[in-house]
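**Student:** Generate a structure from the sequence data that follows.
(one chain, ligands or ions: 1)
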Amino acid sequence: MSAGTPPPSHDIPAGLLDALRQAGRVVFLTGSGVSAESGVPTFRDELTGLWARYSPEELATPEAFQRDPALVWGWYRERRRHVAAAQPNGAHHAIARLQARIPGAVLITQNVDGLHQRAGSREVIEFHGNLFRNRCRDCGHETVHSDPELEAPPACPRCGQRMGPGVVWFGEAIPPEALRMAWRHAMAAKVFFSIGTSGLVSPAAQLVELARGSGALIVEVNTAPTPLSACADYVLHGPAGVLLPLLAERFGA
Ligand code: OAD
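**Tutor:** This is a model prediction of the structure:
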């Protein structure tokens with residue numbers, strides 16, 4: 001299978017399995033495509049439901065929250081409800097199994113839905129935060145979001161200011177520890193998977209470049225071509241919920 005060329009059928013190249021067996025240091029970078037088969041809409045595919053009325057770029061900003069906290073909070077409440085009712089799919093479970101089989105495997109996710117953790121992944125570097133936490137933009141304090149029906153943003157228990165969802169908004173910095181860890185693992189990776197992400201949002205997209213520059217084998221899993229496809233060593237073209245369980249099975253995980 002050459003770079004950028006969809007395989008004739010869903011199968012896993014033997015060369016990839018060999019590389020994976022020898023790699024030790026494996027990084028899985030996931031994006032919203034991994035949760036698509038759980039019914040959680042992606043960011044840039046066709047918009048449905050609430051996503052159709054408001055684009056994330058309109059509401060997922062500190063300015064939008066300052067301008068209309070009730071609207072932004074309500075939008076996130078809807079997203080939490082939607083995600084809480086969703087179940088992890090075969091891709092989440094397969095990644096958790098592969099992580100359990102490969103001691104040096106690391107999972108970095110751009111997703112805020114917590115589905116990897118619910119599938120059993122223990123160590124997850126959350127690049128864009130988590131829907132089920134709250135964060136105070138004034139003092140940085142974080143809390144677990146324990147009341148799913150909370151109508152209005154809660155007050156920060158530390159400084160009394162209004163708390164927002166614990167996700168990274170457009171224009172905000174990646175949590176420093178997540179960034180540091182992700183950078184370190186990307187540079188050390190021998191095999192780097194980019195799964196279900198359009199690769200359009202930095203700095204997450206730069207992790208692939210970093211890994212490639214450090215000599216990692218790059219594997220893309222996606223239903224559609226992305227800017228990465230042309231330079232990936234392997235492109236597994238198809239749904240992550242089909243391809244990753246197949247990969248895990250062939251690997252013996
Ligand atoms: P995008 O919506 O940009 O990309 C989703 C990708 O998943 C696309 O390349 C699809 O082709 C692919 N895809 C869809 N269904 C799939 C499936 N079943 N199996 C495999 N691939 C599938 O979402 P992200 O790349 O995650 O940031 O977006 C990255 C970041 O941009 C998000 O974390 C968010 C957004 O703005 C913040 O909220 C800060």
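
**Student:** what about E220, neighbour count?
**Tutor:** Neighbourhood size, E220 [other C-beta atoms under 10 Å]: 26. For the C-beta atoms, the positions are set from N, CA and C on the backbone; glycine is no exception.

**Student:** for the one 4 residues further on, same thing?
**Tutor:** Here the number of neighbours of A224 (other C-beta under 10 Å) works out to 10.

**Student:** So E63 versus G24, what's the distance?
**Tutor:** Distance of E63 to G24, given as C-beta to C-beta, to the nearest Å: 44 Å.

**Student:** Name the residue in those two with the higher neighbour count.
**Tutor:** When E63 is set against G24 and neighbours are counted by other C-beta under 10 Å, the residue ahead is G24, at 14 against 11.

**Student:** could you measure that one against R101, distance?
**Tutor:** Distance of G24 to R101, given as C-beta to C-beta: 12 Å.

**Student:** and the stretch 51-200 of the chain, which residues reach the ligand?
**Tutor:** Within the stretch 51-200 of the chain, the residues that sit near the ligand (C-beta under 6 Å from any ligand atom) are P56, A60, Q110, H128, V168, G196, T197, S198, L200.

**Student:** residue contacts, the residue nearest to the second one when sequence neighbours are not counted?
**Tutor:** Excluding the flanking residues, the one nearest A60 by C-beta to C-beta, 6 or more residues apart in numbering is W169, at 4.9 Å. With contact taken as C-beta atoms under 8 Å, 6 or more residues apart in numbering, W169 is in contact with A60, T61, P62, F65.

**Student:** Looking at the backbone only, give me phi and psi for the first one.
**Tutor:** This means A60. Main-chain dihedrals, A60, degrees, to the nearest 10: phi -90, psi 60.
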